[in-house]
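Q: My questions are about this predicted structure, shown below with the sequence.
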Amino acid sequence: MPAVTNKQRVLNQILNLRKKVADPEPENLPVMEQFIYGLCREGTTRDLADEAYQKLRDRFFDWNEIRVSSSREIEEVFADLPDAEARAVRLISFLQEVFETTFSFDLESLHKKGLKQSAKQLSRYQAASDFVVAWVIRQSLDGHAIPIDAPTLRVVRRVGLIEGGQESTEAARASLEHLVPKARGLAFGEAASKIAADFCWEDEPNCQACPLLADCPTGHENTRTVAAGRGGRVKPR
């Protein structure tokens, strides 16, 4: 029971953090475009993803022009995102697959299928990841899915919302979807992403300033280690 109570307290803290930020409603994009936005959003912040997605819209005439462009041209759009080169290749690959199978750039037919069948179809694209599929299911198809990328996974592991042995994002997502109500899924994902960007870095996280420090096992360990290191130093004369 204490472990469950602690998880609920941490979850409430994360959701309360999001209440302090007035987010605009996410843009209501078609299914294919939500997939593309998910490619932009994975592994980075919302602001950087918004900027990259808008650049795609502004710099190219349509999706077909992006499909026939070189990966280097797309990589320039993704210059501020992690793994820009791989991200550009994924985008071109996705557009090519959609065009070859539908002879258009339209995946709205997924609205007529069940969530499981839609997820299965989306996951077949080479550019797909668990994050992107979950993003489309949540944003376009009204399913209960919490997109989990590497930064978010890092946060939920460190604060103890999921067990350390859950290595895969699929297992972590399934656990979180049991903890987080559908109506709060988007808020949770945005809050965890911001914590990852502002405090919970891969190397040398800023645990002392993190608002989740009081209930974070990793934060306690890190701050004790830092304090011990300072205590063992020889004071300068």
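A: Everything's here; your move. Keep in mind the model is a prediction, meaning the values are calculated, not measured.
Q: For the rest of this, base every contact and every neighbour count on C-alpha atoms.
A: Will do.
Q: ok, and the closest non-adjacent residue to residue 94?
A: residue 127 (5.6 Å; C-alpha to C-alpha, 6 or more residues apart in numbering).
Q: Is that neighbour in contact with residue 96, as I believe?
A: No: counting by C-alpha atoms under 8 Å, residue 127 stays clear of residue 96, with 10.5 Å between them.
Q: all helices for the protein, in order.
A: 2-19, 31-41, 46-59, 63-67, 71-77, 84-102, 115-123, 130-139, 150-158, 169-179, 185-198, 217-231 (DSSP state H).
Q: Distance to residue 108 for the ones you listed - can I get that in JSON lines?
A: Below are the helices of the chain laid out as JSON lines (distance: least, C-alpha to C-alpha, whole Å):
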{"stretch": "helix 2-19", "distance to residue 108": "31"}
{"stretch": "helix 31-41", "distance to residue 108": "6"}
{"stretch": "helix 46-59", "distance to residue 108": "19"}
{"stretch": "helix 63-67", "distance to residue 108": "16"}
{"stretch": "helix 71-77", "distance to residue 108": "25"}
{"stretch": "helix 84-102", "distance to residue 108": "11"}
{"stretch": "helix 115-123", "distance to residue 108": "11"}
{"stretch": "helix 130-139", "distance to residue 108": "11"}
{"stretch": "helix 150-158", "distance to residue 108": "29"}
{"stretch": "helix 169-179", "distance to residue 108": "25"}
{"stretch": "helix 185-198", "distance to residue 108": "22"}
{"stretch": "helix 217-231", "distance to residue 108": "43"}
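Q: Mind putting those helices into JSON lines with mean neighbour count?
A: Below are the helices of the chain laid out as JSON lines (neighbours: other C-alpha atoms under 10 Å):
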{"stretch": "helix 2-19", "mean neighbour count": "15"}
{"stretch": "helix 31-41", "mean neighbour count": "23"}
{"stretch": "helix 46-59", "mean neighbour count": "15"}
{"stretch": "helix 63-67", "mean neighbour count": "17"}
{"stretch": "helix 71-77", "mean neighbour count": "17"}
{"stretch": "helix 84-102", "mean neighbour count": "17"}
{"stretch": "helix 115-123", "mean neighbour count": "16"}
{"stretch": "helix 130-139", "mean neighbour count": "24"}
{"stretch": "helix 150-158", "mean neighbour count": "20"}
{"stretch": "helix 169-179", "mean neighbour count": "16"}
{"stretch": "helix 185-198", "mean neighbour count": "21"}
{"stretch": "helix 217-231", "mean neighbour count": "13"}
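Q: now those as a markdown table including distance to residue 207 and mean pLDDT?
A: Compiled in a markdown table, the helices of the chain are given as follows (distance: least, C-alpha to C-alpha, whole Å; pLDDT from 0 to 100):
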| stretch | distance to residue 207 | mean pLDDT |
| --- | --- | --- |
| helix 2-19 | 15 | 76 |
| helix 31-41 | 25 | 97 |
| helix 46-59 | 22 | 96 |
| helix 63-67 | 41 | 97 |
| helix 71-77 | 33 | 97 |
| helix 84-102 | 28 | 97 |
| helix 115-123 | 36 | 96 |
| helix 130-139 | 26 | 96 |
| helix 150-158 | 11 | 94 |
| helix 169-179 | 22 | 90 |
| helix 185-198 | 10 | 92 |
| helix 217-231 | 5 | 77 |
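Q: quick one on the thing from earlier: spit out the contact partners of the residue nearest to residue 94.
A: Neighbouring residues of residue 127 by C-alpha atoms under 8 Å, 6 or more residues apart in numbering: 90, 91, 93, 94.
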